[in-house]
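Q: What follows is a predicted structure for the sequence shown.
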There are 2 protein chains.
Amino acid sequence: MIIQQLSESTEMYLKAMVELSDREMVAIGRLAERLSVTAVSTNEMMRRLGEQGLVKHTPYKGVALTKKGREVACNVLRRQRLWECFLYDHLKIEWTQLYELACSLEHATAPEVTEALAVFLGNPKTCPRGNPIPAADGSFVPLNGIPLSEAAVGATVRVLAVNATATDVIQHLFERGLLPGHKVKVVEAAPLQGPLTLCVDPPEKNGAGGKETVLGLSLAEFVIVES
Amino acid sequence: MIIQQLSESTEMYLKAMVELSDREMVAIGRLAERLSVTAVSTNEMMRRLGEQGLVKHTPYKGVALTKKGREVACNVLRRQRLWECFLYDHLKIEWTQLYELACSLEHATAPEVTEALAVFLGNPKTCPRGNPIPAADGSFVPLNGIPLSEAAVGATVRVLAVNATATDVIQHLFERGLLPGHKVKVVEAAPLQGPLTLCVDPPEKNGAGGKETVLGLSLAEFVIVES
DNA sequence: AATTAACATAAGGTTGCCCTTATTATTGCC
DNA sequence: GGCAATAATAAGGGCAACCTTATGTTAATT
């Protein structure tokens, strides 16, 4: 596995792809939106990545990572999440800032630093946001959960991970207590893709307690819960 | 002190300036050489940095950092050297690789990470290469030493720091045991800017011991010893 | 079958940072 | 005072990664 030096931009595209959908095709539009670039720029980049054998673009269908592309992407994800562990556990950086700060570092991290960091941290399996950390050999078992937006009304589920990358979105979820390990009850789902009414940390027995909050459906997509 | 987001390239130029000469003018040529770019590119960059108020360029004399430029440069140096501490003390990265690996990280390090890292490390005063770490407020007392190339023949001096940035140079010095804390005796200086003959870790009393080695004068410039 | 939204592609532009080549200016030194 | 070495400037180019605008193409929906 020879990983040539790829640009930060390239790494971001690949990472976004693996974050958006593991092994499935990703629509160019979704990718562009996530990366805050235009679809034209994304198309252009996909052509370049295609030439490098990192992605396969099927016009009008979407793009998918190749084996090589997925390897690189998982490696980026590994670096990102290891840094998140370090920043949170050792530097006491605020939970809401982890993604952004770790993201900058990840692109500047040489393989020997990545592996030494993993050893230093004790080879953690998940990051503070609840996402699994790909192994050094590239193996990566994605989380087995569903977005909160797809949970059944009335169900009480445990939050496994928060998937958001935009700091304001993360902040919004954090303020509502939607963190890994916490439980949440879906009280109501408004019709027409309306927001969810939730009860975060509901009491074990019926009765008062927990925090009621309303969450937009598109935000609820970022919260991965037990299926 | 508002530090706007500066490019990696900008930071490298500023760092090189403060490393080359504290407060004095630096010749464009030297700067270019250190950064492995052409003098034309360096001139161009100095114009840009001048426009941003980071440097003052006096044609045919050289460039000097402004107050603002020096602040930024010291901040870069701080990040660089804090990372060196972390990489060496906690990740057990090889001494010869510290500069290069810390350099990548430094540009990706947000202020809150820098300060949290400093706290984590216990606010170290020097990096593993022996160089002082600028304080958070920007104050920075450069090392009070002289290059080994200027030490008197016959003198035995202690190595304070190694200033080199190129990994091959660092490797060369490392192999000869020229590390901070070690003593070195200048046995002979060949004429016409010839190499030095050294004895590294000489015995306390006269007698055998220590390691004899020959070191080019330009390499000896990178070794800072007690004056 | 027609329409619309999403996507693809072409063309041309910008910015930052680097390059080469060539010409001119200055400085320090013999 | 003249001559190298060094420095500055001008002109033209390249590359990566973005942008806008405009024009086709496909797929999904009605």
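A: Arrived safely, thanks for sending.
Q: Look through chain A and tell me its longest helix.
A: helix A:67-85 (DSSP state H).
Q: For that one, buried residues please.
A: A:69-85 (16 or more other CB atoms under 10 Å in any protein chain shown). Bear in mind the C-beta positions are built from the backbone N, C-alpha and C, glycine included.
Q: So which other helices or strands are in contact with the following helix or strand past it?
A: For helix A:67-85, the following helix or strand on the C-terminal side (DSSP states H and E) is helix A:98-106. Secondary-structure packing of helix A:98-106 (3 or more CB pairs under 8 Å, 6 or more residues apart in numbering or on different chains; DSSP states H and E): helix A:67-85, helix A:167-175, helix B:111-121.
Q: Looking at those, which is nearest to residue A:146?
A: helix A:167-175 (16.2 Å; CB to CB).
Q: quick revisit: give me the angle between the longest helix of chain A and helix A:111-121.
A: 50 degrees (axes from the mean of the first three to the mean of the last three CA atoms, to 10 degrees).
Q: tell me what helix A:67-85 is packed against?
A: helix A:8-20, helix A:98-106, helix A:111-121.
Q: Identify the structural domains in chain A and state their residue ranges.
A: A:1-142, A:145-226 (automatic domain parsing).
Q: Could you see whether DNA strand D lies near the first one?
A: Yes: looking at domain A:1-142 against DNA strand D by CB under 7 Å from any atom of the strand, the contacts come from A:7, A:9-10, A:13, A:36-38, A:40-41, A:44-45, A:48, A:59-61.
Q: Export the domains of chain A to CSV and append columns for distance to residue B:148 and mean pLDDT.
A: Below are these laid out as CSV (distance: least, CB to CB, whole Å; pLDDT from 0 to 100):
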stretch, distance to residue B:148, mean pLDDT
domain A:1-142, 30, 93
domain A:145-226, 48, 89
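Q: For chain A, which residues are neighbours of chain B?
A: Residues of chain A that fall close to chain B, judged by CB under 8 Å from any CB of the partner chain: A:87, A:90-93, A:97, A:101, A:104-105, A:107-110, A:112-113, A:116-117, A:119-120.
Q: ok so, going back, any idea which of the domains of chain A gets closest to residue B:212?
A: Closest among those, using CB to CB: domain A:1-142, at 32.7 Å.
Q: Check the offset of that closest one from the chain's centre.
A: 9 Å (CA atoms, centre = their mean, to the nearest Å).
Q: quick one: stretch A:28-41 near DNA strand C?
A: Yes: part of stretch A:28-41 sits near DNA strand C under the criterion CB under 7 Å from any atom of the strand, namely A:28, A:29, A:30, A:39, A:40.
Q: quick one: contacts of that stretch?
A: Here stretch A:28-41 makes contact (CB atoms under 8 Å, 6 or more residues apart in numbering or on different chains) with A:12, A:13, A:16, A:17, A:19, A:20, A:42, A:43, A:46, A:62, A:63, A:165.
Q: mind listing what the fifth one touches?
A: Spelled out, that is residue A:19. Counting by CB under 8 Å, 6+ apart, residue A:19 has contacts A:34, A:77, A:163, A:165.
Q: Could you check how many residues crowd around the closest residue to residue A:16 other than its chain neighbours?
A: In this structure, residue A:16 finds its nearest non-sequential neighbour in residue A:34, 5.0 Å apart by CB to CB, 6 or more residues apart in numbering or on different chains. For residue A:34, the count of nearby residues is 19 (other CB atoms under 10 Å in any protein chain shown).
Q: Can you tell me the SS state at residue A:34?
A: helix (DSSP: H, G, I helix; E, B strand; the rest coil).
Q: gap between the residue nearest in space to the middle of chain A and chain B?
A: Nearest to the mean C-alpha position of chain A, by CA atoms, centre = their mean, lies residue A:163 at 3.5 Å. Going from residue A:163 to chain B by CB to the nearest CB, to the nearest Å gives 22 Å.
Q: Then residue A:168?
A: Residue A:168 is 17 Å from chain B, by CB to the nearest CB.
Q: likewise residue A:137?
A: Distance from residue A:137 to chain B, by CB to the nearest CB: 20 Å.
Q: SS state for that residue?
A: coil.
Q: What is the burial count for it?
A: 9.
Q: Please report phi then psi for it.
A: phi -80, psi 0 (degrees, to the nearest 10).
Q: can you pull the contacts of the closest residue to the residue nearest to the centre of chain A other than its chain neighbours?
A: Of all residues not flanking residue A:163 in the chain, residue A:222 sits nearest, at 4.7 Å (CB to CB, 6+ apart). Applying CB under 8 Å, 6+ apart, one finds that residue A:222 lies in contact with A:147, A:162, A:163, A:164, A:169, A:173.
Q: Closest to residue A:137 out of the residues you listed?
A: residue A:163 (23.9 Å).
Q: give me every residue that touches residue A:210.
A: A:185, A:199, A:200, A:201, A:202, A:203.
Q: Repeat that for residue A:119.
A: Per CB under 8 Å, 6+ apart, neighbours of residue A:119: residue B:91.
Q: Would you check how far apart it and residue A:12 are?
A: According to CB to CB, to the nearest Å, residue A:119 and residue A:12 sit 26 Å apart.
Q: for residue A:93, same thing?
A: 21 Å.
Q: So those two - more neighbours on which side?
A: A side-by-side neighbour count of residue A:93 and residue A:12, using other CB under 10 Å, places residue A:93 first with 23 against 19.
Q: okay, now the closest residue to that one other than its chain neighbours: neighbour count?
A: In space, and not counting its chain neighbours, residue A:93 is closest to residue A:87: 4.1 Å by CB to CB, 6+ apart. Using other CB under 10 Å, residue A:87 has 25 neighbouring residues.
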